[in-house]
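A.B. asks: Turn this into a structure:
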Amino acid sequence: MDTATPSPAVRAATGDVSPSRVRIESIDLLRGIIIVIMALDHVHDFFGALDASPTNLATTTAGLFFTRWITHFCAPVFFLLTGTGACLTLQRMSKGELSRFLLTRGLWLIVLEVVVMRFALQFNVDYQITLLTVLWALGWAMIVLAGLIYVPTSALIALGVVMVAGHNLLDDVQADAFGPFAPLWSVLHAPGFVHTGAHAVFVAYPLLPWLGVTALGYALGHSYGWSAERRRTLLLRLGLGLSLGFVLLRLLNMYGDPQPWSVQHSPLWTLLSFLNTQKYPPSLLFLLMTLGPALPLLCAFDANTPRLLRPALVYGKVPLFFYVLHFYLIHLLAVAACYLRYGDVSGMFRSPDLGHFPFTAPPGWDVGLPAIYLLWACVVLALYPLCRWYVGLKRRRKNWWLSYL
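C.D. replies: Numbering: from 1, shown residues only. Next up, the predicted model:
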């Protein structure tokens, strides 16, 4: 979503004095870094061992664990910045216009998830298995936010905190307890199937905590109307506070994540156990662990954009465009690799169940971490010219549909 300057203070902070629309570079930069890191996870999804869990301490390696762990930051930061971007958009839209935009864009993201992205993941249209993931949850977050923008900021913050910090109180509630309404519980809190049979639908991103993160991101957007010094102080203190809260709460092993940590056979593996928090749904500790370090980064980028990281701005300005394209490119590379290695690509178009998702890989498919990192770099670099072209197109043209991709 485009972000516009909310005040002269923000205009000064970004160093941009354009009379019409100004983007917040710190937000674009963090979003760009996050979207690039996210691509690493998806390259591993297509080229790693599909039947192995990178966070299962009994079977993983330290390298594989941290490859997965670093990508944990992506979804929380993206949901947070979605809310922040919505708040900043109020500077060029009325609340009514923003509400309608969030509603229509949210619906569009849901359509993208079940049509465009489903095909990108599976390269078939049989709909034997449909996985509802991040775009589905982002779409609903926008739809709900379309109504929440009318709520007073203090009440919105309270609601967001309750959803983020309190949803783990519901961990012991099972979907079966709701009888015929069990699928609704999978939508709200516990990942699970909402439809089974020949055309199964699995919700991987339950909504409650993600709605809370988006609401808090919207509230955070108001800080971009403050002076730069006040905003940076908030970002730094809030980030350090969340990080410290993660460490202290995790040490207690009492609340915030259904999986307690434990002392392992070495300090490194004890650290892995400590960091191994739950993403599906994102536990309180998972969100503290990821959002805590992200906010000081946002503070640092607010003061200065490091020259070395400036290329990430391109991806951060068109994140949805990159998101859609990179899945198609990764899957096409996987098909090509399968043909070159095995001479048969039939399994690349079959995903009959969650055990064979996003495709049915042949034996010995895992290419290893070095190759995965190399492929990741190739995917990111290959899409840079297209993303740069699209950034220019959006800058030159003001067609309404450009704001939806």
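
A.B. asks: CA atoms for contacts and neighbours, from now on please.
C.D. replies: Fine.

A.B. asks: Just give me the longest helix of this protein.
C.D. replies: helix 369-396 (DSSP state H).

A.B. asks: so how far is that one from its chain's centroid?
C.D. replies: Centroid separation for helix 369-396 versus its chain: 18 Å, with C-alpha atoms, centre = their mean, to the nearest Å.

A.B. asks: repeat for stretch 61-75
C.D. replies: That offset, for stretch 61-75, works out to 14 Å (C-alpha atoms, centre = their mean).

A.B. asks: Mind listing residues that contact that stretch?
C.D. replies: By C-alpha atoms under 8 Å, 6 or more residues apart in numbering, the list of residues contacting stretch 61-75 from outside reads 34-35, 37-38, 40-41, 54-55, 134, 269, 272, 279, 290-291, 294, 369.

A.B. asks: elements contacting the longest helix of the chain?
C.D. replies: If you count contacts as 3 or more C-alpha pairs under 8 Å, 6 or more residues apart in numbering; DSSP states H and E, helix 369-396 packs onto helix 25-47, helix 311-317, helix 319-342.

A.B. asks: switch to 10 Å and redo it
C.D. replies: helix 25-47, helix 62-71, helix 311-317, helix 319-342 (3 or more C-alpha pairs under 10 Å, 6 or more residues apart in numbering; DSSP states H and E).

A.B. asks: Counting by contacts, list what the third one packs against.
C.D. replies: Under the contact criterion of 3+ C-alpha pairs under 10 Å, 6+ apart, the helices and strands touching helix 311-317 comprise helix 25-47, helix 319-342, helix 369-396.

A.B. asks: which one of the ones you listed lies closest to Asp302?
C.D. replies: helix 25-47 (4.9 Å; C-alpha to C-alpha).

A.B. asks: quick one: pLDDT of the residue positioned nearest the centre of the chain?
C.D. replies: When C-alpha atoms, centre = their mean is applied to the chain, the residue found nearest the centroid is Ala75 (2.1 Å). Looking at Ala75, its pLDDT reads 98.

A.B. asks: ok, now Gly15?
C.D. replies: 32.

A.B. asks: remind me which residues of this structure are low pLDDT?
C.D. replies: Residues of the chain that meet the criterion pLDDT under 70 lie in 1-22.

A.B. asks: and stretch 364-383, how far from the chain's centre?
C.D. replies: 20 Å.

A.B. asks: any chance of the helices and strands packed on helix 311-317 in a markdown table, plus mean neighbour count and distance to Tyr205?
C.D. replies: Below are these laid out as a markdown table (neighbours: other C-alpha atoms under 10 Å; distance: least, C-alpha to C-alpha, whole Å):
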| stretch | mean neighbour count | distance to Tyr205 |
| --- | --- | --- |
| helix 25-47 | 23 | 16 |
| helix 319-342 | 18 | 17 |
| helix 369-396 | 15 | 24 |
